[in-house]
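Asks: Coordinates only, no sequence provided:
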């Protein structure tokens, strides 16, 4: 239960997730109106008073990303001007998280720009899930709670309840996800394998090499983001060629853009489990290989603990 001075607002990116969180908090979703002028400008009006309230605004990085980000910034600013006591942005999937470093000349660090905009708009706290890179927390001068470990916990429970652990090996599709895969493998006490991938063009993998054994095992490929799903499909092929009995993928953020659903359908993956940090398209919902994993309980508990001044680090226990 939460006190009456908690206000939960929903952007237009993922009403379904907001309603699930509201149900678990026994709270109602506050009213606000969003409209667009003929030239594309966004206008947000808060219907109810938020003076001296603890406001939580849920908005995720769903398409159209730029419109949803602008709507979030305007909503935060509207709450600040309306004298809200604290404004927390709940971002299940952080926008522009993949642009987190300057990896070539004249490349922008857009995740830092988003952090600056959130702070200037009036955001005083951020709750997000499974950041693409942990250093993004350092882009802020306000508290940021990255509930990555609890996304991992949900994955661990799913694997434990659906598979024989004696035949499971956790596979990281790239070196960057090795730490995540190792943490899940340690919790399950199962084997670990790593795929080294080379890219000559962005979003296009040229070669993949498996390090470790998957012979006769169920290969569970874990990652934080599934975008075009080319990496997952190639990883499944590599694992199958190396002797895996079955391949499935578990990801936190399922962008599933472009021909991703078709790629999954035609791949050797038996199943792709995605957390509901992003809404699934109609094509993805119709795909028999794609399963949604509910993480609303984790975000709801993070909101409740933040509101009540309790430790979020104890969520894992």
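Replies: Yep, it's here. Treat the numbers as computed from the prediction; the structure is a model and nothing was measured.

Asks: what does stretch 146-161 contact?
Replies: The contact list for stretch 146-161 (C-beta atoms under 8 Å, 6 or more residues apart in numbering) reads 127-131, 134, 136-137, 165, 168, 180, 183-184, 187-188, 220, 222, 250, 252, 273, 275, 293, 295, 298-299, 302, 312, 315-316. Where you see a C-beta, it was placed from the backbone N, CA and C, and this is true even at glycine.

Asks: Buried only: go through those residues for me.
Replies: Among these, those scoring as buried are 127-131, 136, 168, 180, 183-184, 187-188, 220, 222, 250, 252, 273, 275, 293, 295, 298-299, 302, 312, 315 (criterion: 16 or more other C-beta atoms under 10 Å).

Asks: Verify the contact between residue 305 and residue 313 for me.
Replies: No. Using C-beta atoms under 8 Å, residue 305 is not in contact with residue 313; the gap is 9.5 Å.

Asks: So between those two, which is more surrounded?
Replies: More crowded of residue 305 and residue 313, by other C-beta atoms under 10 Å: residue 305, with 17 against 11.

Asks: Could you measure from the nearest residue to residue 263 once chain neighbours are set aside over to residue 265?
Replies: Once flanking residues are discounted, residue 263 sits nearest to residue 229: 4.5 Å by C-beta to C-beta, 6 or more residues apart in numbering. Distance, residue 229 to residue 265, by C-beta to C-beta, to the nearest Å: 10 Å.

Asks: Give me the more crowded residue out of those two.
Replies: Per other C-beta under 10 Å, whichever of residue 229 and residue 265 has more neighbours is residue 229, with 26 against 15.

Asks: Quick check: which element contains the residue located most distally from the centre of the chain?
Replies: Within the chain, the residue lying farthest from the chain centre (C-alpha atoms, centre = their mean) is residue 38, at 32.0 Å. Using DSSP states H and E, residue 38 sits within no helix or strand.

Asks: ditto for residue 150
Replies: Assigned by DSSP H and E, residue 150 falls within helix 148-162.

Asks: Now do the helix or strand following that helix, average pLDDT.
Replies: Moving toward the C-terminus from helix 148-162, the next helix or strand (DSSP H and E) is strand 168-172. Averaged across strand 168-172, pLDDT comes to 97.

Asks: Tell me where the stretch 201-317 of the chain has helices.
Replies: Ranges of helices in the stretch 201-317 of the chain, per DSSP state H, counting those that start in this stretch, are 230-241, 260-266, 282-286, 296-308.

Asks: what's next to the third one, contact-wise?
Replies: Which is helix 282-286. Where contact means C-beta under 8 Å, 6+ apart, the residues beyond helix 282-286 that reach it are 254, 256, 260-261, 290.

Asks: of those residues, closest to residue 104?
Replies: Of all the contacts of helix 282-286, residue 260 has the smallest distance to residue 104: 25.8 Å, by C-beta to C-beta.

Asks: my read: the closest one touches residue 226, true?
Replies: Yes. Between residue 260 and residue 226 there is a contact at 7.0 Å, judged by C-beta under 8 Å.

Asks: neighbour-wise, which of those two wins?
Replies: Between residue 260 and residue 226, counted using other C-beta under 10 Å, residue 226 has the larger neighbour count: 27 against 24.

Asks: Please name the residues that touch that one.
Replies: With contact set as C-beta under 8 Å, 6+ apart, residue 226 has these partners: 232, 249, 251, 253-256, 260, 272, 274.

Asks: Mind putting the residues you listed into JSON lines with distance to residue 61 and pLDDT?
Replies: Listed next are those as JSON lines, based on distance: C-beta to C-beta, whole Å; pLDDT from 0 to 100:
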{"residue": "232", "distance to residue 61": "19", "pLDDT": "93"}
{"residue": "249", "distance to residue 61": "20", "pLDDT": "97"}
{"residue": "251", "distance to residue 61": "14", "pLDDT": "95"}
{"residue": "253", "distance to residue 61": "8", "pLDDT": "96"}
{"residue": "254", "distance to residue 61": "11", "pLDDT": "95"}
{"residue": "255", "distance to residue 61": "8", "pLDDT": "96"}
{"residue": "256", "distance to residue 61": "13", "pLDDT": "96"}
{"residue": "260", "distance to residue 61": "16", "pLDDT": "96"}
{"residue": "272", "distance to residue 61": "19", "pLDDT": "97"}
{"residue": "274", "distance to residue 61": "14", "pLDDT": "96"}
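
Asks: List just the nearest of those residues to residue 77.
Replies: For these, the minimum distance to residue 77 (C-beta to C-beta) is 26.2 Å, reached by residue 253.

Asks: rewinding a little: buried residues in the helix holding residue 150?
Replies: Residues of helix 148-162 classed as buried: 148, 150-156, 158-159 (neighbour count, 16+ other C-beta under 10 Å).
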